[in-house]
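>>> coordinates only, sequence not included:
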């Protein structure tokens, strides 16, 4: 598959050819006098604490445009439509929007919705659309498919069909202070396409904020003498109050500088707006959104609360090693060989000219404790920051026996906990018996049923945590073969949201459709026409929206019948990352001879393949600082 930039050269798309033909491509800054990085936004001084904000406000976009992988050149300044998805003319299109939020329009207690009217619905029965935060660029002249900022937190998703007239995304968690906010609207569907109305349509996109008014003052009841009736409490409605626009937040209301204890642990939970300030149109009634259960909290976010421009200017890792934006890269080097794996990592980094932030190591359950001295040493290079992904496969007992407290395994886990606490205090990725599907024996008393695996995973993680190991970042690592997802026990493998931090997938490019043209998207989100399986990316988005996704193993095998296959997949990956804002890490599995037929996944078999992988590593998606 050749680069889409070499295939398509014109700003065209289904339904947008004439609309864009008259748009100028000579671009200026977003707003005259807007100072990037300044303490003033649009000439308004911004305080740390919000003071104003009243009722419902529809913010018009400061900028709204799109990028497309099939087009060279910058984004159009004010297009009439905002395409999203894939078309033959545009390639992969992503809509970008930016908004200003200040203390005159939003209070600290608020909800926020990104509202996008549909100009052209998809032809398909259902199309998934997602919204993620991105760093807002200072000028549309800087925004191209090649330079588009990497994705941050994914806040919401929706299913769009031919009857959809408007999509409403909940982005409350993104906004927690005055400032400038950027959003990218994407789709993981590789054959679907739609258009939203642009800013020039007159009814285009808006950021609707619904502020909660300050709590009314309370007045203490004066003490009464024995036998007296208490004095009537003064009606708060009769007490003069200050102008709500200029009133300081109450001590009980959270501020951007000091969140309240009730919300700091669940940052994606927003206060509920009063009934008299809820917009007349109920968002839950929009066809693309299911009615929300008010008793259920939203899923835990996968990034820190709030993603204003200053928090996305540099992509760094935060809690649970989740990047604030972009994705980590890693490698399992020299797999299925007797070579020194730590040396192989250094050689791989030298070849691809990029630090591999994740070193994937495989451990068996013998007397060896991990991380080893050599593994730890790889994480101590200040010039090349790295973390570990330890893949532990217990051999001493069945899953069921481990979950029931096998003495030998317990003793090993206790020794392991002491070793980790004494020798390694940095966060690291950890999984137990990766790819368990082909080891499942779904028969009574086997000890190897799917439910036994989930119980075993939970037992191991909880025993280590209870012993004081607090630096585990746990990964549930599935296989990427569709024959397993069709098993009736597949959903029983999941250990539970509280013991799983990331969801991983092992997937390989090997001419999956036997035509030599499989691509990166098939690895991440493979489906079959005869199967109801939506693809792993879609499945994670629907079933576990609060979890980041990892390609815990991925590779492309060389095939003599398709000698350019590896190069094509690496080239495709560089632009197909635009489909997958939830994908926060990719870890390559490099081997000269795998365990299934001796297939070779090395990236340096020829110059073109190596050059394509090096170019992939230079993608802005992987410009993340490990902290």
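Okay, I see it. If you're wondering where the values come from, they're calculated on a predicted model, not measured in any experiment.

>>> Which positions within whatever helix or strand residue 611 lives in qualify as buried?
Assigned by DSSP states H and E, residue 611 falls within helix 607-617. Of all the residues in helix 607-617, those buried under the rule 16 or more other C-beta atoms under 10 Å are 609, 610, 612, 613, 614, 616, 617. Every C-beta, even on glycine, is put in place using the N, C-alpha and C of the backbone.

>>> Over that helix, what's the mean pLDDT, rounded is fine.
What helix 607-617 shows for mean pLDDT is 96.

>>> next one: that helix to chain centre, how far?
Distance, stretch centre to chain centre, for helix 607-617: 25 Å (C-alpha atoms, centre = their mean, to the nearest Å).

>>> Now do that helix: which elements does it pack against?
helix 341-352, helix 565-576 (3 or more C-beta pairs under 8 Å, 6 or more residues apart in numbering; DSSP states H and E).

>>> looking at these, which has the lowest confidence?
For the helices and strands packed on helix 607-617, where the average pLDDT is lowest is helix 565-576, sitting at a mean of 92.

>>> What angle do helix 607-617 and that one make with each other?
20 degrees (axes from the mean of the first three to the mean of the last three C-alpha atoms, to 10 degrees).

>>> partners of whatever helix or strand comes next after helix 565-576 in the sheet?
Under the assignment DSSP H and E, the closest C-terminal helix or strand after helix 565-576 is strand 583-589. Taking DSSP bridges as the criterion, strand 583-589 forms sheet pairs with strand 328-332 (parallel), strand 549-556 (parallel).

>>> highest average neighbour count across those strands?
strand 549-556 (a mean of 27; mean count of other C-beta atoms under 10 Å).

>>> Residues contacting that one, please?
332, 360, 389, 429, 431, 434, 475, 477, 502-510, 523-524, 536-537, 540, 565-566, 569-570, 580, 582-591, 601 (C-beta atoms under 8 Å, 6 or more residues apart in numbering).

>>> try 6 Å this time
Identification of contacts with strand 549-556 by C-beta atoms under 6 Å, 6 or more residues apart in numbering yields 477, 502-509, 523, 540, 566, 569, 582-583, 585-589, 601.

>>> Tell me the first helix or strand C-terminal of the helix or strand hosting residue 119.
Residue 119 belongs to strand 110-120 when elements are defined using DSSP H and E. Remark: after strand 110-120, the chain's next helix or strand is strand 127-134, criterion DSSP H and E.

>>> what's the angle between the next helix or strand after that next one and strand 110-120?
Sequence order places strand 154-160 as the next helix or strand after strand 127-134, per DSSP H and E. Going by the same axes, to 10 degrees, strand 154-160 is angled at 40 degrees with respect to strand 110-120.

>>> helices and strands around strand 154-160, which ones?
strand 127-134, strand 166-170 (3 or more C-beta pairs under 6 Å, 6 or more residues apart in numbering; DSSP states H and E).

>>> would you list every one of the helices in the protein?
17-21, 261-264, 341-352, 373-378, 399-403, 407-423, 450-466, 482-485, 520-525, 536-543, 565-576, 607-617 (DSSP state H).

>>> Reformat the ones you listed as a markdown table; add distance to residue 187.
Formatted as a markdown table, those follow (distance: least, C-beta to C-beta, whole Å):
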| stretch | distance to residue 187 |
| --- | --- |
| helix 17-21 | 20 |
| helix 261-264 | 31 |
| helix 341-352 | 30 |
| helix 373-378 | 38 |
| helix 399-403 | 38 |
| helix 407-423 | 41 |
| helix 450-466 | 32 |
| helix 482-485 | 21 |
| helix 520-525 | 11 |
| helix 536-543 | 11 |
| helix 565-576 | 12 |
| helix 607-617 | 22 |
